[in-house]
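Student: sequence first, predicted model second:
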Amino acid sequence: MARLWQAMGIGLAGGLVAAAAMDAFQRGVSPLMGGGSNDDPATVKAADSASRLVTGDPVTQKRRETAGTLVHYATGAAIGVAYGALVAGDPRIARGFGVPFGMATMLAIDDVGVPAFGWGPAPQDTPVATHAYSAASHAVFGVVLEGVRRGLS
(Lines give C-alpha, C1' and ligand atoms only; values in the text may rest on other atoms or scores of the structure.)
Protein backbone atom coordinates (compact mmCIF):
# COMPACT_ATOMS: atom_id res chain seq x y z
CA MET A 1 0.00 0.00 0.00
CA ALA A 2 2.88 2.37 0.77
CA ARG A 3 4.17 1.84 -2.77
CA LEU A 4 0.80 2.94 -4.18
CA TRP A 5 0.74 6.10 -2.05
CA GLN A 6 4.29 6.88 -3.14
CA ALA A 7 3.34 6.36 -6.80
CA MET A 8 0.34 8.66 -6.36
CA GLY A 9 2.51 11.34 -4.71
CA ILE A 10 4.98 11.13 -7.57
CA GLY A 11 2.03 11.35 -9.98
CA LEU A 12 0.79 14.45 -8.18
CA ALA A 13 4.16 16.14 -8.61
CA GLY A 14 4.33 15.00 -12.22
CA GLY A 15 0.84 16.27 -12.93
CA LEU A 16 1.65 19.73 -11.61
CA VAL A 17 4.92 19.94 -13.56
CA ALA A 18 3.19 18.59 -16.69
CA ALA A 19 0.38 21.15 -16.31
CA ALA A 20 3.02 23.90 -16.13
CA ALA A 21 4.78 22.52 -19.21
CA MET A 22 1.49 22.30 -21.09
CA ASP A 23 0.67 25.88 -20.10
CA ALA A 24 4.09 27.11 -21.30
CA PHE A 25 3.71 25.19 -24.57
CA GLN A 26 0.26 26.68 -25.17
CA ARG A 27 1.45 30.21 -24.42
CA GLY A 28 4.26 29.74 -26.93
CA VAL A 29 2.18 28.14 -29.68
CA SER A 30 -1.10 30.01 -29.29
CA PRO A 31 0.11 33.24 -30.96
CA LEU A 32 1.19 31.20 -33.99
CA MET A 33 -2.36 29.91 -34.42
CA GLY A 34 -3.86 33.29 -35.20
CA GLY A 35 -6.68 35.23 -33.63
CA GLY A 36 -8.03 32.73 -31.18
CA SER A 37 -11.43 32.90 -29.59
CA ASN A 38 -13.04 35.69 -27.62
CA ASP A 39 -14.89 33.00 -25.68
CA ASP A 40 -13.72 32.00 -22.19
CA PRO A 41 -11.54 28.88 -22.13
CA ALA A 42 -13.11 25.66 -20.84
CA THR A 43 -11.13 25.98 -17.60
CA VAL A 44 -12.84 29.30 -16.82
CA LYS A 45 -16.23 27.83 -17.72
CA ALA A 46 -15.51 24.90 -15.38
CA ALA A 47 -14.57 27.35 -12.63
CA ASP A 48 -17.84 29.19 -13.27
CA SER A 49 -19.78 25.94 -12.94
CA ALA A 50 -18.05 25.11 -9.66
CA SER A 51 -18.59 28.62 -8.33
CA ARG A 52 -22.28 28.56 -9.25
CA LEU A 53 -22.64 25.19 -7.53
CA VAL A 54 -21.02 26.46 -4.32
CA THR A 55 -22.08 30.12 -4.17
CA GLY A 56 -24.84 30.48 -6.75
CA ASP A 57 -22.77 33.03 -8.67
CA PRO A 58 -20.18 32.82 -11.47
CA VAL A 59 -16.54 33.72 -10.89
CA THR A 60 -16.09 37.49 -10.85
CA GLN A 61 -14.45 39.15 -13.83
CA LYS A 62 -11.47 40.07 -11.66
CA ARG A 63 -10.80 36.42 -10.72
CA ARG A 64 -11.61 34.63 -13.99
CA GLU A 65 -8.05 34.11 -15.22
CA THR A 66 -6.86 32.93 -11.79
CA ALA A 67 -9.83 30.57 -11.45
CA GLY A 68 -9.17 29.07 -14.87
CA THR A 69 -5.51 28.55 -13.98
CA LEU A 70 -6.52 26.87 -10.73
CA VAL A 71 -8.82 24.48 -12.62
CA HIS A 72 -6.00 23.69 -15.10
CA TYR A 73 -3.51 22.84 -12.36
CA ALA A 74 -6.04 20.96 -10.21
CA THR A 75 -6.98 18.87 -13.24
CA GLY A 76 -3.32 18.21 -14.03
CA ALA A 77 -2.68 17.19 -10.43
CA ALA A 78 -5.68 14.83 -10.36
CA ILE A 79 -4.69 13.26 -13.67
CA GLY A 80 -1.14 12.87 -12.37
CA VAL A 81 -2.34 11.07 -9.24
CA ALA A 82 -4.45 8.74 -11.38
CA TYR A 83 -1.51 8.13 -13.72
CA GLY A 84 0.80 7.30 -10.83
CA ALA A 85 -1.71 4.79 -9.45
CA LEU A 86 -2.43 3.26 -12.85
CA VAL A 87 1.24 2.80 -13.75
CA ALA A 88 1.93 1.31 -10.31
CA GLY A 89 -0.75 -1.28 -11.07
CA ASP A 90 0.24 -1.89 -14.68
CA PRO A 91 3.58 -0.49 -15.93
CA ARG A 92 2.50 -1.02 -19.55
CA ILE A 93 0.45 2.17 -19.19
CA ALA A 94 3.74 4.10 -19.34
CA ARG A 95 4.56 2.76 -22.81
CA GLY A 96 5.18 5.42 -25.41
CA PHE A 97 6.75 7.69 -22.77
CA GLY A 98 3.34 9.10 -21.72
CA VAL A 99 2.15 10.14 -25.19
CA PRO A 100 -0.66 7.54 -25.41
CA PHE A 101 -1.83 8.56 -21.93
CA GLY A 102 -1.74 12.22 -22.97
CA MET A 103 -3.86 11.40 -26.01
CA ALA A 104 -6.31 9.50 -23.81
CA THR A 105 -6.67 12.54 -21.55
CA MET A 106 -7.29 14.73 -24.59
CA LEU A 107 -10.06 12.43 -25.76
CA ALA A 108 -11.60 12.12 -22.30
CA ILE A 109 -11.42 15.80 -21.41
CA ASP A 110 -11.48 17.84 -24.62
CA ASP A 111 -13.60 15.57 -26.78
CA VAL A 112 -15.98 14.12 -24.18
CA GLY A 113 -15.96 16.05 -20.90
CA VAL A 114 -15.81 19.63 -22.16
CA PRO A 115 -18.72 19.23 -24.63
CA ALA A 116 -20.74 17.12 -22.16
CA PHE A 117 -20.63 19.91 -19.58
CA GLY A 118 -21.31 22.62 -22.19
CA TRP A 119 -17.89 24.21 -21.79
CA GLY A 120 -16.98 23.92 -25.46
CA PRO A 121 -18.03 22.56 -28.84
CA ALA A 122 -18.40 18.91 -29.79
CA PRO A 123 -15.38 17.37 -31.54
CA GLN A 124 -17.08 17.45 -34.94
CA ASP A 125 -17.68 21.19 -34.51
CA THR A 126 -14.04 21.92 -33.65
CA PRO A 127 -11.57 22.99 -36.37
CA VAL A 128 -8.83 20.52 -37.30
CA ALA A 129 -6.15 23.02 -36.28
CA THR A 130 -7.67 23.17 -32.80
CA HIS A 131 -7.60 19.37 -32.58
CA ALA A 132 -3.93 19.38 -33.61
CA TYR A 133 -3.12 22.07 -31.02
CA SER A 134 -4.91 20.04 -28.35
CA ALA A 135 -3.14 16.82 -29.37
CA ALA A 136 0.27 18.50 -29.26
CA SER A 137 -0.54 20.10 -25.88
CA HIS A 138 -1.61 16.78 -24.39
CA ALA A 139 1.43 15.01 -25.86
CA VAL A 140 3.60 17.54 -24.01
CA PHE A 141 1.58 16.87 -20.85
CA GLY A 142 2.02 13.10 -21.19
CA VAL A 143 5.74 13.22 -21.93
CA VAL A 144 6.50 15.55 -19.03
CA LEU A 145 4.26 13.53 -16.69
CA GLU A 146 6.11 10.33 -17.57
CA GLY A 147 9.49 12.04 -17.44
CA VAL A 148 8.83 13.30 -13.91
CA ARG A 149 7.47 9.90 -12.88
CA ARG A 150 10.59 8.14 -14.13
CA GLY A 151 12.88 10.75 -12.61
CA LEU A 152 11.31 10.49 -9.18
CA SER A 153 10.69 6.74 -9.12
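Tutor: Thanks, I have it.

Student: ok, Ser49 - contacts?
Tutor: Applying CB atoms under 8 Å, 6 or more residues apart in numbering to Ser49 gives the contacts Phe117, Trp119. Placement of C-beta: from N, CA and C, glycine included.

Student: can you list the buried residues in the helix or strand harbouring it?
Tutor: Ser49 is part of helix 42-55, with elements assigned from DSSP states H and E. In terms of neighbour count (16 or more other CB atoms under 10 Å), helix 42-55 has its buried residues at Ala42, Thr43, Val44, Lys45, Ala46, Ala47, Asp48, Ser49, Ala50, Ser51.

Student: list just the nearest of those residues to Thr69.
Tutor: Thr43 (7.3 Å; CB to CB).

Student: the closest one contacts Val71, doesn't it?
Tutor: Yes: the criterion here is CB atoms under 8 Å, and Thr43 meets it with Val71 at 4.2 Å.

Student: can you work out which residues contact both of those two?
Tutor: Joint contacts of Thr43 and Val71 (CB under 8 Å, 6+ apart) do not exist.

Student: give the contact list for the residue positioned nearest the centre of the chain.
Tutor: Central residue of the chain (CA atoms, centre = their mean): Gly76, 4.9 Å from the mean position. Gly76 is in contact with Gly15, Leu16, Ala18, Ala19, Met22, Phe141, counting by CB under 8 Å, 6+ apart.

Student: that older thread, pLDDT of the helix holding Ser49, averaged?
Tutor: The average pLDDT within helix 42-55 is 94.

Student: from the buried residues of helix 42-55, which single one is nearest Ala67?
Tutor: For the buried residues of helix 42-55, the nearest to Ala67 is Ala47 (3.6 Å; CB to CB).

Student: so who does that closest one touch?
Tutor: Val59, Arg64, Ala67, Gly68, Leu70, Val71.

Student: no further questions, thank you.
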